[in-house]
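[1] need a structure here:
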Amino acid sequence: MNEDALNTSLRKFLKEVGVTSQREIEKTVREAIADGRLNGSETLSAKVVLTIDKVGLTHTIDGMVNLQ
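    Residues are numbered from 1 along each chain as shown. Modelled structure (predicted):
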């Protein structure tokens with residue numbers, strides 16, 4: 001295994017996950033505020049589940065998203 005290739009590939013993947021996840025969360029929260037499902041002052045619980053089936057990895061990250 002090439003450690004540099006693994007590291008570079010992982011960084012690229014995680015950057016894409018971070019950028020696209022943030023974009024989707026912001027879009028969805030704005031829509032929820034616009035249609036009245038949220039008032040804009042909530043704290044939202046969030047969960048990310050990372051899986052790599054071939055190696056049997058399942059990793060869950062729980063967190064909070066504060067709107068105010």
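[2] list the beta-bridge partners for Leu50.
    Beta bridges link Leu50 to His59, judged by DSSP bridges.
[3] for the residue most central in space within the chain, give me its contacts.
    Nearest residue to the geometric centre of the chain (CA atoms, centre = their mean): Ser21, 4.3 Å. For Ser21, the contact set (CB atoms under 8 Å, 6 or more residues apart in numbering) comprises Val48. In short, each C-beta sits where N, CA and C put it, glycine included.
[4] quick one: mean pLDDT for the helix or strand encompassing it?
    In this assignment (DSSP states H and E), Ser21 forms part of helix 3-34. Regarding helix 3-34, the rounded mean pLDDT is 98.
[5] ok, the residue nearest to the centre of the chain to Val65 distance?
    Using CB to CB, to the nearest Å, one gets 11 Å for the distance from Ser21 to Val65.
[6] again with Glu3
    34 Å.
[7] so these two - more neighbours on which side?
    Per other CB atoms under 10 Å, whichever of Glu3 and Val65 has more neighbours is Val65, with 12 against 7.
[8] that one touches Lys47, doesn't it?
    No. Look at Val65 against Lys47 with CB atoms under 8 Å: they stay out of range, at 10.8 Å.
[9] if we can go back for a sec, gap between the residue nearest to the centre of the chain and Glu3?
    From Ser21 to Glu3 the distance is 26 Å (CB to CB).
[10] what is whatever helix or strand Ala46 lives in packed up against?
    Secondary structure from DSSP H and E places Ala46 in strand 43-52. Using 3 or more CB pairs under 8 Å, 6 or more residues apart in numbering; DSSP states H and E, the elements in contact with strand 43-52 are helix 3-34, strand 57-66.
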